[in-house]
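*Asks:* Based on what follows, work out the 3D shape:
(one chain, ligands or ions: 1)
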Amino acid sequence: MFCPANCVTEFPCELYHVSHKVITSPDYIAKIYREQSQYPSLSRADVGPVITSQYGGSYSNISTEWTQQDLERNEIVKFCRQYIVFHDNKSIVYSGPSGNCTEIKGELLSQDSPSGEMKAVMRECSIKGEEKQFLEIWHRNRKIKSLNLTELKKHGKVYEDDQFGCLVWSHSETHLLYVAEKKRPKAESYFQSGSESTLPFQVHEYVICKYVTLLPQGDQFVYYEDWGETLVTKATPVLCILDIEGNNVSVLESIPDSISPGQAFWAPNDTGVVFVGWWHEPFRLGLKYCRNRRSSLFYVDLTGGKCERLSSDSAAVCSPRLSPDLCRIVYLECEVYGPHQQCNKLCMYDWYTKKTTVVVDVVKRAKEDGFTGIYSTVLSHQCWSADSQRVLVSCAQKTSLTIVTFSNMGSWCLLTIHRDLMVVSCSSPNCPPSLRVGFLPVSGSEDEMSWVTLEEAQTQPEIDWQILSFTPPPEEDNSQYPGLDYEAILLKPKDVTEKTKLPLIVNPHGGPHSVIVAEWLLSPAVFCSVGFGVLLVNYRGSIGYGQDSILSLPGNVGTQDVKDVQFAVESVLKQGGFDREKVVVTGGSHGGFLACHLIGQYPDFYKACAARNPVINLASMIGSTDIPDWCMVEAGFDYKTNTLLSPAMLEQMLNKSPIKHVTQVKAPVLLALGEDDRRVPNKQGLEYYKSLKAFNVPVRLLWYPDNNHSLSKVDAESDGFMNIVLWLIQHLSL
Ligand SMILES: CSCC[C@H](NC=O)C(=O)N[C@@H](CO)C(=O)O
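*Replies:* A predicted model of the protein is given here:
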């Protein structure tokens, strides 16, 4: 085998180990990528009912779902694995896998019934080339029902997304609740309708066909507003109920026309349905990554059909979860508009007294206990302790993803909790996700938590990482929000000799109100294994550091965030170990905005840049993105749906944009754009591409058809990674 560091000696050679020269062989880099992309992520876990064996011991079955890139098939595969956990309801006696992995195909949604006796599956499959959706009921070892929802024509496609979608058993296990697109009347043209002679008669602009359905003529090309990035096929959701015994699907009609329902579940005693309703008037704004959309909790009574609002009508809510004693509902609430992700309140609605209390309030700044607030975008579907007294929330706490107080390093994500048996995914930048279980200790003894590992993960011995803290220099302090610190995660190859000077990749996250937590991250891990240092910066404005940090950024984008990143990089360079002549910057979306700002504002500092779907010009983006409010808020204005843009506002947006500095840019730029990006339309990247060309800056543009903002399809992600790493190697002359 040849040395991946491209020297002539036999591998592993001294050069590779001692000087940690960057691996430059594309084949070898691809090999590392392939290996590290094979570590799967945990996407879900369900705990079955407690079973008492004939020998008296108790056990629970745990079913887990994982996802993994399949580079050969060019798709993300989903598979499941079962485990058995023997316990005494307080501690685990014995545990282990109860079989091998099985790939899951065609399942849009699935849910076990509360007793664990049955399972419902929403399945999509192709029959004679046509996509059909089925709702299946499984009982023990057989499928007892398979309802062809497509043929039934009660509604359009079923919603399988995290925003609206659900598949929920009634407490009685007789009905199933789900969300689907509202049925659209098949529109006819005025000229190419079936045939005039077969149409019986015409009433105004409608045609009564077969005396039953109204077919609107001329509506064929009417625009349906959708819910934006990743939700482009979703416009008008409706709540649907299947009566299992009667094989009957009904669509709930009594929901106000001005709201779109989702995240539904059955009310206590199955008297009705509780759901989140998003207001969509005067028009829909994108929902993906946008927690700040006006929405409330509603209850629709199934006997009288009355629909009532249970929470404030001027807030944004999500993730309502009913307690095991069926008495209370907890949910997350935050402000409407403003930053897209914010610190949440954890609210609780008492079903019987109809009173709402705030369990955890917004945290402006961490107090002595260090708690920085709740930043989750979703609560685990099962998040209550068995006694309905405690709620478990996993959320960013600075750079850690933490479950309440149970961990300090790395990231812990609660997958589920059932009768106090918790299932978590646990990872860190040098260790892929492992699966652990443990019983929630009694209240007050949470520190005594002990975990059992069901699925071990291999620590990557070549990766070292640490969390760094920064205090901005006095001239960069924010006078309105003074004294805010921020952090970064630094990954570097292990066992580097003292003399070695590593190249450094700077990577600020997107959002900007998001965070990079210390979890397993594929690209940084591969960059590090290839021989780069990687600095992931959580500049002021990131979530997980208190609401004040978030609020410090709008109006200051392009300056405060840029300077925070630059200060972090300079501080790391001062520590030594990195080559200041070999610093490059990468980023996606707002991270791409920062990357392009950095090469414009520090033209001699960065030697190359790679940006995925970057925001380039706020003024030209506001008319085409699915979230125009983002452009106004980040540029420092309040958003109203009826605001008319003035030249002064557009000027301010332009002044805060990377395009403003394009004439200074020297670093060669690699752009990766998604053809179907609705969030940062590819015209943004194209605008930059043309400007760079005009100013003779080397630029290469990668265009990914059938990809949206995240460029996360397997071929786009893997091709993007290889192109980026080779672009950086080329322009650093490694
Ligand atoms: C109008 S696009 C604003 C940037 C975008 N924010 C929200 O969607 C962004 O930076 N997205 C991040 C994720 O938060 C990304 O990495 O795509």
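*Asks:* any weak-confidence spans in this structure?
*Replies:* Within the chain, the set of residues satisfying pLDDT under 70 comprises 1-20, 193-215, 401-409.
*Asks:* All the helices of it, in order from the start?
*Replies:* For the chain, helices defined by DSSP state H occupy the ranges 14-19, 26-36, 149-152, 522-530, 547-551, 560-575, 590-601, 618-621, 628-635, 647-655, 683-694, 714-731.
*Asks:* got CSV for the ones you listed, with distance to Cys101 and mean neighbour count too?
*Replies:* (Each C-beta comes from the backbone N, C-alpha and C, glycine too.) Listed next are the helices of the chain as CSV, based on distance: least, CB to CB, whole Å; neighbours: other CB atoms under 10 Å:
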stretch, distance to Cys101, mean neighbour count
helix 14-19, 34, 14
helix 26-36, 18, 16
helix 149-152, 29, 16
helix 522-530, 20, 23
helix 547-551, 40, 24
helix 560-575, 40, 20
helix 590-601, 34, 28
helix 618-621, 43, 22
helix 628-635, 40, 24
helix 647-655, 50, 15
helix 683-694, 39, 19
helix 714-731, 19, 19
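*Asks:* Skip the chain neighbours and tell me the closest residue to the residue of the stretch 351-500 of the chain found nearest the ligand.
*Replies:* When CB to the nearest ligand atom is the measure, the stretch 351-500 of the chain has its nearest residue to the ligand at Thr377, with 10.1 Å between them. Residue nearest to Thr377 in three dimensions, not counting chain neighbours: Arg291, with 5.8 Å by CB to CB, 6 or more residues apart in numbering.
*Asks:* same check, this time on Cys596
*Replies:* Across the structure, with CB to CB, 6+ apart as the measure, the residue nearest Cys596 apart from its sequence neighbours is Pro658 (3.6 Å).
*Asks:* ok, now Lys183?
*Replies:* Nearest non-adjacent residue to Lys183, counting by CB to CB, 6+ apart: His155, 5.2 Å away.
*Asks:* Quick one: residues contacting Tyr606.
*Replies:* For Tyr606, the contact set (CB atoms under 8 Å, 6 or more residues apart in numbering) comprises Val506, Val583, Val584, Val585, Leu598, Ile599, Ala667.
*Asks:* change it to 10 Å
*Replies:* Counting by CB atoms under 10 Å, 6 or more residues apart in numbering, Tyr606 touches 506, 566, 569, 583-585, 595, 598-600, 665-668, 731.
*Asks:* surely Gly373 meets Ala396?
*Replies:* Yes: if you go by CB atoms under 10 Å, Gly373 and Ala396 touch, sitting 9.3 Å apart.
*Asks:* Pull up the overlap in contacts between those two.
*Replies:* Any residue near both Gly373 and Ala396 by CB under 10 Å, 6+ apart counts here, and that gives Ile543, Gly544, Tyr545.
*Asks:* Most neighbours among the residues you listed, which one is it?
*Replies:* For the shared contacts of Gly373 and Ala396, counting by other CB atoms under 10 Å, the largest number of neighbours falls to Ile543: 32 neighbours.
*Asks:* ok, that one touching Thr372?
*Replies:* Yes: checked against CB under 10 Å, the pair Ile543 and Thr372 is within contact range at 9.0 Å.
*Asks:* Check the contact lists of those two and give me the overlap.
*Replies:* Taking CB under 10 Å, 6+ apart as the contact definition, Ile543 and Thr372 share the neighbouring residues Cys343, Cys395, Ala396, Lys398, Ser549.
*Asks:* Next, work out how far apart the first one and Gln566 are.
*Replies:* Relative to Gln566, Cys343 is positioned 26 Å away (CB to CB, to the nearest Å).
*Asks:* Run through the bridge partners of the closest residue to Ser469 other than its chain neighbours.
*Replies:* Taking CB to CB, 6+ apart, and ignoring the residues beside it in sequence, Ser469 has Glu487 as its nearest neighbour in space, at 5.3 Å. In this structure, Glu487 has the following beta-bridge partners (DSSP bridges): Ser469, Asn538.
*Asks:* correct me, but Glu487 touches Gln397?
*Replies:* No: the pair formed by Glu487 and Gln397 falls short of the contact definition of CB under 10 Å, at 11.1 Å.
*Asks:* okay, and the common contacts of these two?
*Replies:* Val515, Gly544, Tyr545.
*Asks:* Phi first, then psi, for the last one.
*Replies:* Think Tyr545. When read as degrees, to the nearest 10, the backbone of Tyr545 gives phi -120, psi 20.
*Asks:* The nearest residue to Tyr289 once chain neighbours are set aside: what's it in contact with?
*Replies:* Spatially, and ignoring its direct neighbours in sequence, Tyr289 is nearest to His340 (6.0 Å; CB to CB, 6+ apart). Contact criterion CB under 10 Å, 6+ apart gives 286, 288-293, 511-514, 543, 550, 590, 627, 629-630, 633-634 as the residues in contact with His340.
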